[in-house]
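Trainee: I would like to see how this sequence folds:
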Amino acid sequence: VKDAFATNWISPAGPFLQQFEEKLAAYCGTSAAAAIHSGTAGIHLALRLLKVQADDVVLCQSFTFVGSCNPIIYEKARSVFIDSEPETWNMCPKALEQAIDDCLAKGKKPKAIIVVHLYGMPAKMEAIAALAKHYDIPIIEDAAEALGSSIDGKPCGSFGQMGVLSFNGNKIITTGGGGALLSNTSEWVEEARFLATQAKGPAPHYQHSTVGYNYRLSNVAAAIGLGQLEVLKDRIAARRANHEFYRTLLAGIPGVHFLDEPEGYFSNRWLS
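Mentor: Numbering: from 1, shown residues only. Modelled structure (predicted):
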């Protein structure tokens, strides 16, 4: 952070921004990442990249924070909410398939599926991804709470066509605010950066041929994020230790139970 100020790289440009994006992509196992100012912004950009428009249908997990679904309204599309299953508390694959079939019967193929890894617990991505592939519907993976979580060693944020992270003040690491869009399609990430910087075209004057947003993360915030990544492993260990403390402390009390990790699942236990 001191280097960012000393070199006068303060605004949404600078070396720490690029380094933060590279380290996020490497950690999450994707080709590229765009650092932006919130997870909500990431979902909004993902919808734009998938060309979601007015009256399109987007399938969204019902058990989530409003930031997962507000961007659907930004584009005047329609949300169809999918309820959860009891094992992970995330999107139920059976309910998802019923919703897809219902939409198709009404002549309205969904444009995207927004699945959430709530509280850091990975969703049932194998079944959800299989349905998405069968019906040819792209997945936007809301991994805002799941940085460091994985299924069989594959990081959350890398299962869908696009993944979204959040670095809000309450997340497992923070930039004081901030987020990222992840993808194995580098062209999408490049387009996200373009849209996140007011969609300013490569011209000597202010040329804007499409609507853009002021969504880019600052170099100073990225510097904070780089420092936070260095302690991410410790943060995850502390959260998991908290979880085990609660489990031991409250063991045997009627009506109290905890969410177990399915086989092969690793939760950062962001929230117990």
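Trainee: which residues does the closest residue to E191 other than its chain neighbours contact?
Mentor: Among residues not flanking E191 along the chain, L49 sits closest, at 6.0 Å (C-beta to C-beta, 6 or more residues apart in numbering). Bear in mind the C-beta positions are built from the backbone N, C-alpha and C, glycine included. By C-beta atoms under 8 Å, 6 or more residues apart in numbering, the contact list for L49 reads M162, W188, E191, A192.
Trainee: T30 touches G163, doesn't it?
Mentor: Yes - contact criterion C-beta atoms under 8 Å: T30 and G163 qualify, at 6.8 Å.
Trainee: more neighbours, these two?
Mentor: The neighbour comparison of T30 against G163 (other C-beta atoms under 10 Å) goes to G163, with 30 against 22.
Trainee: might one say that that one is in contact with C28?
Mentor: Yes - assessed by C-beta under 8 Å, G163 is found in contact with C28 at 6.7 Å.
Trainee: ok, how many other residues are close to E97?
Mentor: Count around E97 with other C-beta under 10 Å applied: 17.
Trainee: coming back round to it: which of the contacts of L49 sits closest to D234?
Mentor: M162 (28.4 Å; C-beta to C-beta).
Trainee: returning to what we had before: overlap in contacts, T30 and G163.
Mentor: Common neighbours of T30 and G163 (C-beta under 8 Å, 6+ apart) are G157, L182, S183.
Trainee: you'd agree the last one is up against A32?
Mentor: Yes - between S183 and A32 there is a contact under C-beta under 8 Å: 6.3 Å.
Trainee: between these two, who's got more neighbours?
Mentor: Legend: neighbour count by other C-beta under 10 Å for S183 and A32, higher for S183 (27 against 20).
Trainee: distance of the residue nearest to K23 when sequence neighbours are not counted relative to Y246?
Mentor: Take K23 and drop its neighbours on the chain: the residue closest to it by C-beta to C-beta, 6+ apart is L229, 5.7 Å away. According to C-beta to C-beta, to the nearest Å, L229 and Y246 sit 27 Å apart.
Trainee: how about the strands in the protein?
Mentor: With DSSP state E as the criterion, the chain has strands at 32-36, 57-61, 78-82, 112-116, 139-142, 150-151, 154-155, 162-166, 179-183, 265-266.
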